[in-house]
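Undergrad: Build me a structure from this.
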Amino acid sequence: MGVGVSGWPLARAVSLLGQLGVVSGTGLGPVMARRLETGDEGGHVRRALAHFPVPAMAQRVQARYFVEGGKPAEKPFKLTVMPQIELAASLVELTVVANFAEVWLAKEGHDGVVGINYLEKTQIPTLPSLLGAMLAGVDYVLMGAGIPRFIPGALDAFAAGRAAELRVDVEDAAPGDDHKCRLDPTAVLGMTPVLRRPNFVAIVSSVVLATTLARKSNGKVDGFVVEGASAGGHNAPPRGPLKLNELGEPVYGERDAVDLAKLRDLGLPFWLAGGYAEPGRLAEALALGAAGIQVGTVFAFCAESSITDDIKRRTVRLSRSGGAEVFTDPQASPTGFPFKVSRMAGTLSEAVDYDGRERICDLGYLRRPYRREDGKVGYRCPAEPVAAYVAKGGVAEDAQGRRCLCNALFATIGLGQALDDGRVELPLVTAGDEVVRLARMLKEGEETYTAKDVLDYLLREI
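TA: Numbers count the residues shown, from 1 in each chain. Next up is the predicted model:
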């Protein structure tokens, strides 16, 4: 769901309809900061902040970013501190408060179930993100795009009122290097919170990864989402040497299919994802032993999602006319994982628009820590200016074709940064293969559809 696409309105709507509504957890600090800077229409963020258990912290965050009536459109958003292993206090506060606010709003006024999704690839902000979500009573934590072995232990630690640690992957690390993020809830909040441990569900694409997590994580894994290559966002790379088809997309084969019999042997619940947004497919998944299905793309373009109305309308029209197209780009993401891109003019999916963008790295959520020659930790991203990336020891070829997902995905939800030349950062739309058939969600004469329409469609044969 990218950055902010499944915001609290969508997660709340799905939860109210009796299903697990999941909040997009990536980059929530700057997402909330920019919502405050645009005036917090409806006062929702400020309403959530009024319920944060440490009022002084929430008040500091609100005072730092809130602009009555919203900032002028041509004025840039304030830059938040970029994540580093030793997190700045201001970023810790912003991240904790933002994750609390998003989950609190999704759960406001009902007793439905709400989860939050994070990327293992964005390790550094994870601990304050988890703390904020747990303060709001999040029910599930889901995580993919990596091997999240140490998340269960962090949840256990916070639930017990203890400090938590996460090992951070540092490129070119020397033998014996041990880089960790650490967060003590008592030190951050000035009190020891009473927290309930949420269920932890890992997003996997193979039985090998599921088995590793089930047996070698530092705490209990409560289940898995098994995500196929047709799902949106980041896809797992194909097993074995990378081969591309005639369009330049990674080729997936039999080795990439998940052996569900072996998965069932692990004795943990699992949900199937990627291509399951059809009536009857839930019953099919249940018959295979799954606990249910995960559906993303069709919700991403519904009325309650945070993608801009213009992009949603254009995508639905393309789907209706047969012009919707999804490309699994092996280069777009700085993470190195294949990334699903929905082709659309005026977005960074198109070469002419990508080539016309000045490379800027000012959010930094996908920067990779690396060991510098002096032994200290530096940070680099293949999507930053190529000269800067090479100066930090990166290889120029690795920077080719990389999109700045941070800035682009913020623009997709209407929070793109204003640039010095009067333009705004261009969006990038990620969607699964289901996007080509979105029009089936529309009722006769309608141009939009709701989360309820999606669930009515998916469950009509149950």
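Undergrad: Can you name the helix or strand that the residue lying closest to Leu438 once chain neighbours are set aside falls in?
TA: Closest residue to Leu438 apart from its sequence neighbours, by C-beta to C-beta, 6 or more residues apart in numbering: Ser319 at 4.0 Å. In this view, the C-beta of every residue, glycine as well, is placed from N, C-alpha and C. Assignment of secondary structure by DSSP states H and E places Ser319 within helix 309-321.
Undergrad: Counting neighbours, what do you get for Trp8?
TA: 26 (other C-beta atoms under 10 Å).
Undergrad: Against Ile307, how distant is it?
TA: 14 Å (C-beta to C-beta, to the nearest Å).
Undergrad: How about Val225: which residues does it bridge to?
TA: In this structure, Val225 has beta-bridge partners Ile203, Trp271, where bridges are defined by DSSP bridges.
Undergrad: what's the burial count for Glu249?
TA: Here the number of neighbours of Glu249 (other C-beta under 10 Å) works out to 17.
Undergrad: Which residues are in contact with it?
TA: 327-330, 338 (C-beta atoms under 8 Å, 6 or more residues apart in numbering).
Undergrad: One more: Gly112?
TA: Under the contact definition (C-beta under 8 Å, 6+ apart), the residues listed for Gly112 are 12, 15-16, 18, 21.
Undergrad: Can I have the buried ones of these as a ChimeraX selection?
TA: A single ChimeraX command is used to select the members of the contacts of Gly112 judged buried by 16 or more other C-beta atoms under 10 Å:
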select :12,15,21
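Undergrad: Could you export the contacts of Gly112 as TSV, including pLDDT?
TA: What follows is the contacts of Gly112, written out as TSV (pLDDT from 0 to 100):
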residue	pLDDT
Arg12	98
Ser15	98
Leu16	98
Gly18	96
Gly21	97
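Undergrad: Can you name the two of the contacts of Gly112 that sit furthest apart?
TA: Across these, no pair lies farther apart than Arg12 and Gly18, at 12.5 Å, counting by C-beta to C-beta.
Undergrad: The residue nearest to Leu438 and Val435 touch, don't they?
TA: Yes. Using C-beta atoms under 8 Å, Ser319 is in contact with Val435, at 6.4 Å.
Undergrad: Mind checking which of these two has more residues around it?
TA: Val435 (24 against 21).
Undergrad: Name the SS class of that one, please.
TA: The local conformation at Val435, judged by DSSP: H, G, I helix; E, B strand; the rest coil, is helix.
Undergrad: and it, what does it touch?
TA: Shown in contact with Val435 (C-beta under 8 Å, 6+ apart): 232, 297, 301, 315, 319, 324, 326, 342.
Undergrad: Need the phi and psi values for Asn245.
TA: The phi and psi torsions at Asn245 (degrees, to the nearest 10) take the values phi -80, psi -170.
Undergrad: And for Ala187?
TA: Geometry field for Ala187 lists phi and psi as phi -70, psi -40, criterion degrees, to the nearest 10.
Undergrad: Would you mind measuring from it to Leu135?
TA: Counting by C-beta to C-beta, the separation of Ala187 from Leu135 is 15 Å.
Undergrad: now Ala283
TA: The value you get for Ala283 to Leu135, if C-beta to C-beta is used, is 38 Å.
Undergrad: Please apply the same query to Leu459.
TA: Taking C-beta to C-beta as the criterion, Leu459 is separated from Leu135 by 33 Å.
Undergrad: where does this structure dip in pLDDT?
TA: Scanning the chain for pLDDT under 70 picks out the ranges 1, 461-462.
Undergrad: Now do the buried residues in the longest helix along the chain.
TA: The residue-count maximum for a helix in the chain (DSSP state H) belongs to helix 89-107. The neighbour-count check on helix 89-107 (16+ other C-beta under 10 Å) flags 91-107 as buried.
Undergrad: Quick check: Pro128 is in a strand.
TA: No. If the criterion is three-state DSSP, then Pro128 is helix and not within a strand.
Undergrad: can you pull out the helices in the stretch 251-400 of the chain?
TA: 260-265, 281-287, 297-300, 309-321, 351-355, 386-391 (DSSP state H, counting those that start in this stretch).
Undergrad: Just name whatever secondary elements the following helix or strand past the last one is in contact with.
TA: Next in sequence after helix 386-391, counting helices and strands by DSSP H and E, comes helix 405-412. The criterion is 3 or more C-beta pairs under 8 Å, 6 or more residues apart in numbering; DSSP states H and E, and the helices and strands that helix 405-412 contacts are helix 28-37.
Undergrad: sorry, back to before: now do the helix holding Ser319 against helix 405-412, angle only.
TA: Helix 309-321 runs at 90 degrees relative to helix 405-412, counting by axes from the mean of the first three to the mean of the last three C-alpha atoms, to 10 degrees.
Undergrad: which other residues reach helix 309-321?
TA: Helix 309-321 has contacts (C-beta under 8 Å, 6+ apart) with 301, 305, 324-325, 342, 344, 412, 427, 429, 431, 435-439, 442, 447-448.
Undergrad: Among these, which ones are in strands?
TA: Counting by DSSP state E, the part of these found in strands is Ser342.
Undergrad: Only whichever of the contacts of helix 309-321 are buried, select them in PyMOL.
TA: Selection of buried members from the contacts of helix 309-321 for PyMOL, criterion 16+ other C-beta under 10 Å:
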select buried, resi 301+305+324+342+344+412+427+429+431+435+436+437+438+439
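Undergrad: Only the buried residues of stretch 233-242, if you could.
TA: By 16+ other C-beta under 10 Å, the buried positions in stretch 233-242 come out as 233-238.
Undergrad: can you check stretch 130-140 too?
TA: The neighbour-count check on stretch 130-140 (16+ other C-beta under 10 Å) flags 130-136, 138-140 as buried.
Undergrad: Grab the CA positions of it and hand them over as PDB.
TA: These are the backbone C-alpha positions of stretch 130-140, laid out as PDB (Å, rounded to 0.1, in the frame of the first residue of the first chain):
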ATOM      1  CA  LEU A 130       6.000  -0.100  17.100                       C
ATOM      2  CA  LEU A 131       5.900   1.800  20.400                       C
ATOM      3  CA  GLY A 132       3.500   4.400  19.100                       C
ATOM      4  CA  ALA A 133       1.200   1.700  17.500                       C
ATOM      5  CA  MET A 134       1.200  -0.300  20.700                       C
ATOM      6  CA  LEU A 135       0.300   2.800  22.700                       C
ATOM      7  CA  ALA A 136      -2.800   3.000  20.600                       C
ATOM      8  CA  GLY A 137      -3.700  -0.700  21.100                       C
ATOM      9  CA  VAL A 138      -2.800  -2.000  17.600                       C
ATOM     10  CA  ASP A 139      -4.000  -5.600  17.200                       C
ATOM     11  CA  TYR A 140      -1.700  -6.900  14.500                       C
END
